[in-house]
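[1] below is the sequence, then the predicted model.
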Amino acid sequence: MKLLRIILYIGLFGLTTLAQAQTIIPLERGKGGVRAKNIDDYKDEMKMAERQRNDSLQYVDHLRRAFNALHTDSIGQAELLFNKALKLRPTAPGNHVIKFNLGLIDMARGQNVEAVKKLTDIIKEYPNYFDARLARAEANLQLNKANEAVEDAEQVLNKTDFEGVTPLLIERARFIRAAARYQLRLFNDAHADLRVILADNPQNTNAQILDALTLQQLGQPKEALNQLNLIVSANPQNTDALSTRAAVEAELKMYAMARADYDALITLEPQESAYYVERAKMLINLGEKRAARNDIDHAIKLGIPHGMVQPLIQQTRWFFWKKRSKHFPLSPYPARQL
């Protein structure tokens, strides 16, 4: 009898619970609860799947066109397409690569503050995304934040055993650290980094040029000039090498040779106003003040502020007054007739 009561109690409890469950979880469509799918549900799911498929196809197409635009230097078009892709699929797993490229676009425009912000957001989520770290280091160098650049470069140099850290990436990180050390006036440390790079890759022209600049700062301008002569011989149209050699030649008072290098630079880049200013300095030292004044005037036309070249104008003033004296008498009044 006792056993029967227990069984009845359990049975009643079970029935009560089921009844309560059916009351609490209604089975009518649209009111929640557990129910069987109908044809409308399947149609909705098919529409959702189709929309997602179309979004994915558009996403891939935007990325393809964006990268093609980058290859043709159409960075405005690339930026537009990258942002469209992010809007279509904001949580796609590869979006950090899109954001990285948007950071590079900012750098190409000289918007290094914005680039650092974008790259920092990526690095917070992907701390071992070393391409982003080195890009941020380069942007910080442009902002004269050399210490921050050193930190990012060393994050790569201290993790050479990580997957994806290639010899090329290590070389790039070491070069960035050398450039940052140069900016910090740690010339011996910069030279040491550059020697390592050139021992592994003697054809790294950027490292050769920076090493020549470092030698110049270490008080070895002749050694710097010898190195630059080799670079220019191999790359006669390398404007970085030519302008660096011209600066070293000017330091060694080799004004005619420096002037020849600035002639070559102006032929290669006639819209670069700084070359006209530097050539004017060489011409003044060579006593060619008429030609110097012409270069200064041309630099002003190209956008150099008048105030920046005022000291050079002062040095050519004697020529200016000599030129004017041909047209104006020393006295504005005619001689008196006695």
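    Sure thing, it's come through.

[2] burial of the nearest residue to Gln183 once chain neighbours are set aside, as a residue count?
    Sequence neighbours aside, Ala146 is the residue nearest to Gln183 in space, at 4.1 Å (criterion: CB to CB, 6 or more residues apart in numbering). Every residue, glycine included, has its C-beta placed from N, CA and C. If you count neighbours by other CB atoms under 10 Å, Ala146 ends up with 21.

[3] wait, doesn't Ala146 sit right on Ala178?
    No - counting by CB atoms under 8 Å, Ala146 does not reach Ala178; the two are 10.9 Å apart.

[4] next one: the residue nearest to Gln183 from Asn201, what distance?
    Going from Ala146 to Asn201 by CB to CB, to the nearest Å gives 23 Å.

[5] can you check Lys281 too?
    Counting by CB to CB, the gap between Lys281 and Asn201 amounts to 35 Å.

[6] repeat that for Arg317.
    Separation of Arg317 from Asn201 (CB to CB): 50 Å.

[7] and what of Leu268?
    Note on Leu268: its distance to Asn201, by CB to CB, is 26 Å.

[8] for the stretch 51-200 of the chain, which segments count as helices?
    Residue ranges of the helices in the stretch 51-200 of the chain, as given by DSSP state H, counting those that start in this stretch, are 75-88, 95-108, 112-125, 130-142, 146-157, 167-183, 187-200.

[9] what is the burial count for Gly287?
    Other residues lying near Gly287 total 10 when counted by other CB under 10 Å.

[10] can you tell me the SS state at it?
    Three-state call for Gly287 (DSSP: H, G, I helix; E, B strand; the rest coil): coil.

[11] can you pull the pLDDT of it?
    Looking at Gly287, its pLDDT stands at 93.

[12] how about Glu223?
    Reading off the confidence values, Glu223 has pLDDT 96.

[13] what sits against it?
    Residues counted as contacts of Glu223 (CB atoms under 8 Å, 6 or more residues apart in numbering) are Leu215.

[14] quick one: secondary structure of it?
    helix.

[15] Tyr276 versus that one, what's the distance?
    Computed as CB to CB, the Glu223 to Tyr276 distance reads 29 Å.
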